[in-house]
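**Q** next input, structure requested:
(one chain, ligands or ions: 2)
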Amino acid sequence: MLFQKALTSAARIATRSHQFRSPLTSFSRLSSTMAPKLRDPSLFKQNVCYVNGEWIPAKSGKTFEVHDPATEQLIGTCPEFTAEDTRLAISHAETAFESFRHKTGRERSKLLRKWYDLVVENADDLATLITWENGKPTADAKGEVTYAANFFEWFSEEAPRIYGDTIPSSIPGNRVITIKEPVGVCGLITPWNFPAAMITRKIGPALAVGCSVVVKAPGETPFTPLALAELAHRAGVPPGVVNVVTASENTPEVGKELTTNPTVRKISFTGSTPVGKLLMKQCSTTLKKLSLELGGNAPFIVFDDADVDLAVAGAIASKFRSSGQTCVCANRIFVQRGVYDEFASKFAAKVKEFKVGNGFENGTTHGPLIHHKAISKVEEHVRDAEKKGAMVLLGGNKLPDLGPNFYEPTVISGMKVDMAMASEETFGPVAGLFPFDTEEEVVRIANNTTVGLAGYFFSRDLERVHRVAEHLEVGMVGVNTGLISDPASPFGGVKESGFGREGSLYGIGEYQVTKMVTYGGMGKKLQS
Ligand SMILES: NC(=O)c1ccc[n+]([C@@H]2O[C@H](COP(=O)([O-])OP(=O)(O)OC[C@H]3O[C@@H](n4cnc5c(N)ncnc54)[C@H](O)[C@@H]3O)[C@@H](O)[C@H]2O)c1
Ligand SMILES: O=CCCC(=O)O
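**A** Numbering: from 1, shown residues only. Ligands and ions are numbered 1, 2, ... in the order given. I've put the predicted structure just below:
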């Protein structure tokens, strides 16, 4: 095929994966493996969880270990909470809710604002914790802290502006209003890929409307959420309003408690689709309000009429953010044949400039993956594509010299729809390029997946821009951009990517119930 025969210069340099070591892509192992230093070491909480404004261990005293994905060295240990420990946190959250719900919006706004200020003041330490336990480079970790803080800022501004409605009744003499009430105690469960932002995106609106929360921190990255809890304490968030619990092996039992305890009225979960389905089933026993932010399989489409350089920049940003471990990362890159070779060549050349290494090392652009399982999935997808006839233009191998969790940024050409990467989220630094011919064909293939979180396309044709945006079966579309995340924009998916929206004005409603009040006998005539 044309795109395979006519590999451009960059692609030619990058021969088959097994022999290839790019002279430009550089890899670095951190010379010192010492623990990073925090400006404020008291933000690093070991062996305790935050419950009812206090730092407590698991009742059993059991802990689990957390490891640095870059070096696999021990970072520290955290409490292995049980269902019983979690019940305690829920009951404190219930007590706290009764008074917190009656604070004015302005009071809640000030608390969130104070917490925001403290996150910003402690941004360097929070970023250090993120890099340490998640692996992402310091610059990305700092970007995440800003993103995380911005959810507090955004929702602190929403808190005093929670309005109900006045509804004209169809029954004479009746008057109808709605009151927006906080749903109650919320269970929040989040993943490791954004240890701070996935949590603040949920806590921000919950607190803004007057809910209390029990956060189940991810077992891989619990120290960032615990540091956020310490800052909540310093901000004066009342005891029991924010509780942060940790578990690793006991995660299913803590999840079961949160999803079946009748006191919890809302679950907001970010993570994989299979776990989302399980939690939804568990929630059905007490019919909780639910938000599910689940996996994606984002199409990234480059049409012949696109600005190719812009599309390359967009694809780099979208595909390789957090080394591909972002739910909105491009997972399938479709390029129309007229610009396929140019795009492949320019894209591969940019990827070759990446510097893979320890996130603390100066100049590192891409860190490790989170664990061995992530590496295995990436490896499976690459080998599957190769076996079925695709060509590895760049990368395609593990980087054992750096550590067991490092993988080369990889570009694969000639992808086909029967390859694993076409239907499964890779969640790693592998970009598969699929050629296509027509708009109708690419939209049909893009939609041929069970999930629908984000989708991106590049085109300069105004009619096409509207048409394709409307036809993509996703919750979020990026047109001529690879970055769509913003606290002001509604974030969420369709199909098996879940439901509910986070951030934006819509994020507030996820934590509220609408109460309708009808006043009867409200005659219009003035008394004489
Ligand atoms: N849509 C979004 O906003 C969004 C954002 C980030 C990640 N994700 C998705 O998350 C996935 C990656 O994260 P992951 O592999 O850690 O997902 P995961 O579903 O395995 O885990 C997510 C969280 O759920 C917890 N968990 C796992 N099993 C549980 C159970 N039985 N009960 C309660 N909690 C449980 C984990 O400890 C973790 O904290 C990807 O599919 C990605 O697309 C989605
Ligand atoms: O990984 C998913 C969330 C990332 C984002 O908010 O952009």
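**Q** can you give me the pLDDT of Thr286?
**A** Per-residue confidence (pLDDT) for Thr286: 98.
**Q** who touches it in this structure?
**A** Applying CB atoms under 8 Å, 6 or more residues apart in numbering to Thr286 gives the contacts Thr260, Asn261, Pro262, Val264. To be clear about C-beta, it is placed using only N, CA and C from the backbone, and glycine gets the same treatment.
**Q** one more pass at 10 Å, please.
**A** Thr259, Thr260, Asn261, Pro262, Thr263, Val264, Arg265, Ile267 (CB atoms under 10 Å, 6 or more residues apart in numbering).
**Q** dihedrals phi and psi, it?
**A** phi -120, psi 10 (degrees, to the nearest 10).
**Q** picking that back up, from the contacts of Thr286, which would you call buried?
**A** Thr259, Asn261, Thr263, Val264, Arg265, Ile267 (16 or more other CB atoms under 10 Å).
**Q** mind listing what whichever residue of the stretch 1-150 of the chain sits closest to ligand 2 touches?
**A** As assessed by CB to the nearest ligand atom, ligand 2 sits closest to Tyr147 within the stretch 1-150 of the chain, at 7.1 Å. The contact partners of Tyr147, taken as CB under 10 Å, 6+ apart, are Phe194, Ala196, Ala197, Thr200, Arg201, Ser485, Asp486, Pro487, Gly503.
**Q** make JSON lines from the residues you listed and add secondary structure to it.
**A** JSON lines is the format used below for these (DSSP: H, G, I helix; E, B strand; the rest coil):
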{"residue": "Phe194", "secondary structure": "coil"}
{"residue": "Ala196", "secondary structure": "coil"}
{"residue": "Ala197", "secondary structure": "helix"}
{"residue": "Thr200", "secondary structure": "helix"}
{"residue": "Arg201", "secondary structure": "helix"}
{"residue": "Ser485", "secondary structure": "coil"}
{"residue": "Asp486", "secondary structure": "coil"}
{"residue": "Pro487", "secondary structure": "coil"}
{"residue": "Gly503", "secondary structure": "coil"}
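**Q** in PyMOL, how would I select the buried members of those?
**A** A single PyMOL command is used to select the members of the contacts of Tyr147 judged buried by 16+ other CB under 10 Å:
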select buried, resi 194+196+197+200+201+485+487+503
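**Q** burial of Glu94, as a residue count?
**A** Neighbours of Glu94 under the rule other CB atoms under 10 Å: 18.
**Q** roughly how far apart are the residue nearest to it when sequence neighbours are not counted and ligand 2?
**A** Nearest in space to Glu94, with sequence neighbours left out and distances taken as CB to CB, 6 or more residues apart in numbering, is Thr263 at 4.9 Å. Distance of Thr263 to ligand 2, computed by CB to the nearest ligand atom, to the nearest Å: 29 Å.
**Q** state the pLDDT value of Thr263.
**A** pLDDT at Thr263 comes out at 99.
**Q** and it, what does it touch?
**A** Arg87, Ile90, Ser91, Ala93, Glu94, Phe97, Gly184, Val185, Gly187, Val214, Thr286.
**Q** what about stretch 314-334, distance to the chain center?
**A** Relative to its parent chain, stretch 314-334 has a centroid offset of 13 Å by CA atoms, centre = their mean, to the nearest Å.
**Q** from here on, call the first residue 36.
**A** Understood, numbering begins at 36; the last thing we discussed is stretch 349-369.
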